[in-house]
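J.: Structure of the sequence below:
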Amino acid sequence: MSLNDKIEQAEQLQSRPGTVDISLTGPPEPMLSVSVDQMMGAVEGVRRYVVSHLAHIGRACDVDDVLQDIRVAVWNGVARGSYRALPGVPFEAWVQGVTSNICAAHARRELNHKTLPLLLDPTGDEVSGPWGRLSAILIAQENPENQEIIDHEWAVMVLQLTREAVSAPTWRMAVESLTAPRQYALPAPHDRRRWNAVTAVRQTAKTVSLALDVTPGSIGDIGQLCQRAVECLPSVLLREVANAIVLPDIHGLERQTAIARLARELGVTDRYVAVQIGTARRLYQTAWRLVRRAASF
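T.: Numbering: from 1, shown residues only. Just a heads-up that it's a prediction; the model follows:
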């Protein structure tokens, strides 16, 4: 049979109805050795471990982001065959190992980032008049020798505004948490309050920094001002809560409906979303004031 005859025969087979099963034209569905419910339940079971691990570096606020990374890693491991069931070893033990690796990697990334010097006292003599000195330095910012000074002045300004935005007890407790000697023991209620204070200060500092980066000329009316303020919040969850609940200022049944919808979309519980409303409102108000100060209308 000649080559042309073979090509013609192949085209005839393809044109016949029912020759090729249409279900075979797409990628095959993965054969999962573990049910989706068991995977999601195992990931949710390590939440307390993740919170405890992240709290040691003051990043308990990242728990939802890390859990999402764990969900993706567990799904990929099961779907691609990396997970192998062993006699007497529960699936949850494998998930715990994945969790430990992801938490360690997240901690390394966070500790390698440049962070604001939260221990610097923004009320001291060295920070007097930061606005004027910052403006003078920015004029000559093309000189590389000035970059370190610019970073210092910017950090001082952010810290000063952060301290104004949080309560005095929260600030004192955050500083105490960062300066006190480490104690390797089970966390006490006071330790949890200190970790929460550090998280509040860091979230506020991030919000302040993003608000100061907003271009004043990009705001033409009050609607744009409110939207820019929402965009300054430091996490996707807080921005979604601000957009859906804080900004429209909804209450009652409408709020409960919005909470349930956000919980489904973000993969968290209704209670967790409800707890974040107060934080989202406080950070939104902080960002709104700073952005409004720089707005040109």
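
J.: what helices or strands is the helix or strand where Gln203 lies leaning on?
T.: In this assignment (DSSP states H and E), Gln203 forms part of helix 189-212. Applying 3 or more Cβ pairs under 8 Å, 6 or more residues apart in numbering; DSSP states H and E, we find helix 189-212 packed against helix 147-165, helix 168-179, helix 270-294. Just so you know, the C-beta spots here come from the backbone N, C-alpha and C atoms, and that holds for glycine as well.

J.: Any idea which of those helices gets closest to Ala211?
T.: Ala211 lies closest, by Cβ to Cβ, to one member of those: helix 270-294, at 3.9 Å.

J.: Could you look up the SS state of Ser82?
T.: Per DSSP: H, G, I helix; E, B strand; the rest coil, the secondary structure class of Ser82 is coil.

J.: On the pLDDT front, check it for me.
T.: Ser82 is assigned a pLDDT of 80 by the prediction.

J.: ok, back up a step: just the buried residues of the helix holding Gln203, please?
T.: The neighbour-count check on helix 189-212 (16 or more other Cβ atoms under 10 Å) flags 194-212 as buried.

J.: same deal with stretch 276-287?
T.: For stretch 276-287, a neighbour-count test (16+ other Cβ under 10 Å) marks Gln276, Ile277, Thr279, Ala280, Arg281, Arg282, Leu283, Tyr284, Thr286, Ala287 as buried.

J.: follow-up on the earlier one: quick check: buried residues in the following helix or strand past the helix holding Gln203?
T.: Toward the C-terminus, helix 189-212 is succeeded by helix 222-231 as the next helix or strand (DSSP H and E). Across helix 222-231, burial judged by 16+ other Cβ under 10 Å covers Leu225, Cys226, Arg228, Ala229, Val230.

J.: Enumerate every residue touching the closest residue to the second one other than its chain neighbours.
T.: Leaving out its chain neighbours, the residue that sits closest to Cys226 by Cβ to Cβ, 6 or more residues apart in numbering is Leu247, at 6.1 Å. Contacts of Leu247 were listed using Cβ atoms under 8 Å, 6 or more residues apart in numbering, and they are Cys226, Val230, Tyr284.

J.: Kindly reformat these as TSV and extend each row with pLDDT and distance to Leu54.
T.: Below are the contacts of Leu247 laid out as TSV (pLDDT from 0 to 100; distance: Cβ to Cβ, whole Å):
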residue	pLDDT	distance to Leu54
Cys226	91	31
Val230	93	25
Tyr284	95	24
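
J.: Between those residues, which sits nearest Thr170?
T.: For those, the nearest to Thr170 is Tyr284 (17.2 Å; Cβ to Cβ).

J.: list the contacts for the nearest residue to that closest one once chain neighbours are set aside?
T.: Spatial nearest neighbour of Tyr284, chain neighbours left out: Ala242 (4.9 Å); criterion: Cβ to Cβ, 6+ apart. Applying Cβ under 8 Å, 6+ apart to Ala242 gives the contacts Val230, Leu233, Ala280, Arg281, Leu283, Tyr284.

J.: Now with 10 Å, please.
T.: Contact analysis of Ala242 by Cβ atoms under 10 Å, 6 or more residues apart in numbering lists 226-227, 229-233, 248, 276-277, 279-281, 283-284, 287.

J.: Ile245 contacts His251, doesn't it?
T.: Yes - using Cβ atoms under 10 Å, Ile245 is in contact with His251, at 9.2 Å.

J.: Look at these two and report which has more neighbours.
T.: Shown here are Ile245 and His251; by other Cβ atoms under 10 Å, Ile245 has more neighbours (22 against 9).

J.: Any stretches of the stretch 101-250 of the chain with poor pLDDT?
T.: Applying pLDDT under 70 to the stretch 101-250 of the chain flags residues 110-154, 178-191.

J.: Could you rerun that using 90?
T.: Where the stretch 101-250 of the chain drops to pLDDT under 90, the residues are 101, 103-164, 170-203, 205-206, 209-224, 234-236.
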